[in-house]
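**Student:** Output the structure for:
(one chain, ligands or ions: 2)
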Amino acid sequence: MIQLNGLTKRYGATLAVDDLSFTVRPGLVTGFLGPNGAGKSTTMRMILGLDLPTSGTATVLGRAHHELPHPLRAVGSLLEAGAAHPRRTAYKHLLYLAQTNRLPASRVDEVLGLVGLADAAGRRAGEFSLGMGQRLGIAAALLGDPPVLLLDEPVNGLDPEGVLWIRTLIRGWAAEGRTVLLSSHLMSEMALTADRLVVIGKGRLIAEAEIGEFTKEF
Ligand code: ADP
Ligand code: ADP
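**Tutor:** Ligands and ions are numbered 1, 2, ... in the order given. Below you'll find the predicted structure:
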């Protein structure tokens, strides 16, 4: 579960996130919808402890990110674990992350299998296509088998097959009882993937409801 309470982030004169409060529940895909610049990435970065709020709080499983004893076991994201050194193999990249997070090396083979990269384990990340890079990012996010997943625009740049694949994966995580927050600027993507929708604009909450409340109008 993710809880935001009056979350606010100011960059100089820009109010990127403005007094945002909402709860993301387990067992559902919660879509986080807003145009570019609305404050979605900034919000996710604060949930992940990559950026500090100006005021307010963001908690995962009842704690601020820096208070989680094993962050990678609590929350997985593409933002945090995404970038692999181009000369490092997929396997080495994941093994490094596993070791620095006290996870067993056996998890590396498991997550490579989960994302369909078992055969590419020995290849360098720099040789990966965009889609393979995205799969590697997801593998990293899954390393700690986290109950909470944050996905910032995960289908950006993927081909139709990749989009379908990730959509199925996301729906599966929620069905397993995980908490999933999925950001996108596309309502069409939300209509196909999300159960619930949180809509923001200019850093502020605009609407929050079951997806059916939004789609029945169309
Ligand atoms: P979204 O993810 O919805 O596209 P962002 O969270 O990236 O929105 O950006 C929200 C606002 O905050 C934008 O006006 C953006 O220009 C600004 N912003 C984001 N990051 C920074 C930063 N590091 N420094 C200054 N302004 C930023
Ligand atoms: P899996 O889904 O394969 O069980 P987990 O990430 O839940 O993956 O656990 C992987 C392994 O890490 C388990 O064998 C577990 O015993 C071990 N483990 C669990 N908690 C800790 C911990 N705090 N420190 C080190 N190892 C742990």
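**Student:** how about the helices in the protein?
**Tutor:** 40-47, 71-74, 78-81, 90-100, 106-114, 130-142, 160-175, 187-193, 211-215 (DSSP state H).
**Student:** Do I have it right that Pro146 meets Leu68?
**Tutor:** No - taking CB atoms under 8 Å as the definition, Pro146 is not a contact partner of Leu68, at 10.0 Å. (Each C-beta comes from the backbone N, C-alpha and C, glycine too.)
**Student:** Looking at the two, which is more packed in?
**Tutor:** Between Pro146 and Leu68, counted using other CB atoms under 10 Å, the more crowded position is Pro146 (22 against 18).
**Student:** thinking again about what came up before, which of the helices of the chain has the lowest average pLDDT?
**Tutor:** Lowest mean pLDDT of these: helix 78-81, a mean of 69.
**Student:** Count residues in the vicinity of the nearest residue to Arg25 once chain neighbours are set aside, would you?
**Tutor:** Distance criterion CB to CB, 6 or more residues apart in numbering; nearest residue to Arg25, sequence neighbours excluded, is Met1 at 6.2 Å. Applying other CB under 10 Å, we find 13 residues neighbouring Met1.
**Student:** check contacts around the residue in the chain that ligand 2 sits nearest to.
**Tutor:** Proximity of the chain to ligand 2 (CB to the nearest ligand atom) peaks at Asp145, 3.7 Å away. Counting by CB atoms under 8 Å, 6 or more residues apart in numbering, Asp145 touches Arg73, Arg107.
**Student:** cool, Val148 as well?
**Tutor:** Here Val148 is in contact with Met1, Ile2, Val60, Leu61, Ala74, Val75, Gly76, Arg178, Thr179, Val180, Leu181 (CB under 8 Å, 6+ apart).
**Student:** Reformat the helices of the chain as a markdown table; add mean neighbour count and distance to ligand 1.
**Tutor:** A markdown table is the format used below for the helices of the chain (neighbours: other CB atoms under 10 Å; distance: least, CB to the nearest ligand atom, whole Å):
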| stretch | mean neighbour count | distance to ligand 1 |
| --- | --- | --- |
| helix 40-47 | 24 | 3 |
| helix 71-74 | 19 | 21 |
| helix 78-81 | 20 | 11 |
| helix 90-100 | 19 | 24 |
| helix 106-114 | 17 | 26 |
| helix 130-142 | 22 | 17 |
| helix 160-175 | 16 | 18 |
| helix 187-193 | 18 | 14 |
| helix 211-215 | 15 | 18 |
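**Student:** Adding distance to ligand 2, write those out as TSV.
**Tutor:** Below are the helices of the chain laid out as TSV (distance: least, CB to the nearest ligand atom, whole Å):
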stretch	distance to ligand 2
helix 40-47	20
helix 71-74	6
helix 78-81	14
helix 90-100	9
helix 106-114	6
helix 130-142	9
helix 160-175	13
helix 187-193	24
helix 211-215	29
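**Student:** So which of those is nearest Thr8?
**Tutor:** helix 40-47 (9.4 Å; CB to CB).
**Student:** which residues are in contact with the closest one?
**Tutor:** 2, 4, 7, 9, 16-17, 20, 32, 34, 51-53, 58, 60, 65, 75, 77, 79, 150, 152-153, 181, 183, 185, 200, 203.
**Student:** rewinding a little: so for Pro146 and Leu68, which residues contact both of them?
**Tutor:** Ala74, Val75.
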